[in-house]
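[1] Please find the sequence and the predicted model below.
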Amino acid sequence: MTSSATAGELFRLVHSGRAGSRADLARLTGLSASTVTLRVDELIAHGYLEEAGPGHSTGGRRPRLLAVRESGSVVAAADLGERHVTIVLMNRRGEVIADALKPLSLLDEPSAVLESVWGSVRELAAGLDPEPVIEGIAMSLPGPVDSRDGRLLAPMRMPGWNGLVVGDMLQRITGLPAHIDNDANAMALGEHVERGQSVGELVFVKAGSGIGCGIITGGRLYRGYRGVAGDISHVALADAPPIICSCGRVGCLDVVASGTAIVDALRGTGVEVEHLDDVLRLARDAQARPTALLREAGQRTGEVLATIINFYNPQMLVLGGQLATADAFVAGVRQAIYTLCLPMSTDLLEISVSAAGPLAGARGIGTAMLAELLEPNRIDEALSTK
């Protein structure tokens, strides 16, 4: 960063954790100590930063630590699933101060779903004392999202949603700035944050009712040209049963290895299951058929991931979503990866279950909303008008 760093850029360094004192800011930016002090004092006066006590001395006077001020405002983040929504409220520091799991159905009208989510957000905020101001709302969706305009692109299991610019709808309903992304992207970002943003190359697999993938490269979320990078759900498997997918082809990963596919396969054998929860319960009770199907689904998912691992060579592969809670599924993924990948791609590869857990998606999309609201240019503009 050059010595022309603005107050907003100094805030970003503190917010990201790269700087914790005025001395850090001067070292990272090349600004003089007096200029840093002037801009930091301005950020403190306008409620963006605060002093957080003395830091560790390296030989001279102990530095005064800087921290993002909570400010009494939050962003709301909602991670939509097929039958539920996970909601979190996050302060400016990125800390989750409240969360809730609410039932919903994506078979309902899109406007009704968004109204319901907004009602749940307001209810969650009203339960806090004092009730915070909601600065923005973010939402992750179980379908491809065009990163250029936020338009949903042929989502599976979401009738009536295709082509909708959900962010615009959400902004009209709430009157707030809105941010939209695919759920696997949001989960990848949430996992990256949970692990202290220390993993530069990470592949996150969301395996639940559907299957998706999010990619972190160079410490940043990679969306591709249109925002559909990592969409592995329509990769066709050569030896898969000829089950027709919503895309019109047969043998796609989603229709042979997703939670919905496993439920359908069990029903076809006469086993009475309604949802993936039922399959996981049967597997925990050591029922052979559900366990075998979970392992097979993991192996098929691993077959697709093996190509990604060989091509991308990530540091970490993280499995999230409901299927990742099943040991048989995780074992199947591992078996395929270590069988099909080159040793040089796997000898330092860490394969793990999500550390962020059920809040990964909401936390990730909330982090993206915060980054947008606290973008340096926005802060500089706000300071210039006060």
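    On my side now, so go ahead.

[2] who's in contact with the most centrally placed residue in the chain?
    For the chain, the residue nearest the mean C-alpha position is residue 186 (2.1 Å; CA atoms, centre = their mean). Neighbour list for residue 186: 79, 140, 214, 360, 361, 362, 364, 365, 368 [criterion: CB atoms under 8 Å, 6 or more residues apart in numbering]. Using the backbone N, CA and C atoms, a C-beta is placed for each residue, glycine as well.

[3] Pull the number of nearby residues for residue 30.
    The criterion is other CB atoms under 10 Å. On that basis, residue 30 has 13 neighbouring residues.

[4] Next, the buried residues of stretch 292-308.
    Using 16 or more other CB atoms under 10 Å as the test for burial, stretch 292-308 gives 293-306, 308.

[5] Next up, the contacts around residue 364.
    140, 185, 186, 187, 188, 189, 190, 191, 192, 193, 356.

[6] out of those, which one sits closest to residue 100?
    Of all the contacts of residue 364, residue 100 sits closest to residue 140, with 15.5 Å by CB to CB.

[7] Let's see the pLDDT reported for the closest one.
    Predicted confidence (pLDDT) for residue 140: 97.

[8] Look up how far residue 86 lies from it.
    Distance from residue 140 to residue 86, counting by CB to CB, to the nearest Å: 9 Å.

[9] Those two: which is more packed in?
    More crowded of residue 140 and residue 86, by other CB under 10 Å: residue 140, with 32 against 20.

[10] tell me the contacts of the more buried one?
    For residue 140, the contacting residues are 77-80, 180-183, 185-187, 361-362, 364-365, by CB under 8 Å, 6+ apart.

[11] Helix, strand, or coil at it?
    Following DSSP: H, G, I helix; E, B strand; the rest coil, we place residue 140 in the strand state.

[12] which strand residues sit across from it in the sheet?
    Taking DSSP bridges, one obtains residue 79, residue 181 as the residues bridged to residue 140.

[13] can you map out the helices along the stretch 1-150 of the chain?
    Applying DSSP state H, counting those that start in this stretch to the stretch 1-150 of the chain gives helices spanning 7-15, 22-29, 33-45, 110-126.

[14] can you put those in a markdown table and add distance to residue 244, mean pLDDT and mean neighbour count?
    Shown next, in a markdown table, are those (distance: least, CB to CB, whole Å; pLDDT from 0 to 100; neighbours: other CB atoms under 10 Å):
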| stretch | distance to residue 244 | mean pLDDT | mean neighbour count |
| --- | --- | --- | --- |
| helix 7-15 | 48 | 96 | 22 |
| helix 22-29 | 55 | 94 | 19 |
| helix 33-45 | 57 | 95 | 16 |
| helix 110-126 | 25 | 98 | 17 |
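
[15] Select, out of those helices, the one closest to residue 231.
    Here helix 110-126 is closest among the helices of the stretch 1-150 of the chain (CB to CB), at 20.8 Å.

[16] So the residue nearest to the centre of the chain lies in a strand, does it not?
    No: secondary structure of residue 186 (three-state DSSP): helix, not part of a strand.

[17] Does anything pack onto the longest helix that the chain contains? Which helices or strands?
    If you go by DSSP state H, the chain has its longest helix at helix 288-312. Here helix 288-312 touches strand 202-207, strand 211-217, helix 253-257, helix 259-268, helix 276-284, helix 327-340, helix 343-346, going by 3 or more CB pairs under 8 Å, 6 or more residues apart in numbering; DSSP states H and E.

[18] I'd like to know which of those is closest to residue 239.
    Across these, closest to residue 239 is helix 253-257 (CB to CB), at 9.8 Å.

[19] And the closest one, how far out from the chain middle?
    22 Å (CA atoms, centre = their mean, to the nearest Å).

[20] Other residues contacting that helix?
    Helix 253-257 is contacted from outside by 156, 210-211, 232-237, 240-241, 243-245, 260-261, 296-298, 300-301, 304, using CB under 8 Å, 6+ apart.
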